[in-house]
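*Asks:* got a sequence here, can you model it:
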Amino acid sequence: MTERDSSLQSQNPISQAQNSVEKVHNAVSQALSHPTAQLEEQAERAIQRAERAVENASLSFNQPAFEEVENGLRQEIEDLHNGTRS
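*Replies:* Residues are numbered from 1 along each chain as shown. Predicted coordinates for the structure are as follows:
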């Protein structure tokens, strides 16, 4: 893969959404394992950023990949609000 290919891939809306959901996963995991107001707030901010990235990805022509990312984000939000990790 060339540097240009790598750069194009990193700009792909689906890839950006996947990266955002991964950050949400990490933030939610921390908030659940060390429940503090600060970590919960960080998780909520990560969720907000990921929601915007997922919204951008919804315009993608790769519907299966979009749905996978969207479902992952929903699960992270549910885990945070229920205080569980599945």
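*Asks:* so is residue 84 in a helix, a strand, or just coil?
*Replies:* State at residue 84, reduced to three classes by DSSP: H, G, I helix; E, B strand; the rest coil: coil.
*Asks:* equivalent analysis for residue 61, please.
*Replies:* Once three-state DSSP is applied, residue 61 turns out coil.
*Asks:* so what's the residue count around it?
*Replies:* The criterion is other Cβ atoms under 10 Å. On that basis, residue 61 has 7 neighbouring residues. From N, CA and C alone the C-beta is placed, and that goes for glycine too.
*Asks:* check which helix or strand the closest residue in space to residue 84 that isn't next to it in sequence maps to.
*Replies:* Residue nearest to residue 84 in three dimensions, not counting chain neighbours: residue 32, with 7.4 Å by Cβ to Cβ, 6 or more residues apart in numbering. Per DSSP states H and E: residue 32 is located in helix 13-33.
*Asks:* my read is that the residue nearest to residue 84 contacts residue 76, right?
*Replies:* No. Applying Cβ atoms under 8 Å, one finds residue 32 not in contact with residue 76, separated by 10.3 Å.
*Asks:* between these two, who's got more neighbours?
*Replies:* Per other Cβ under 10 Å, whichever of residue 32 and residue 76 has more neighbours is residue 76, with 25 against 17.
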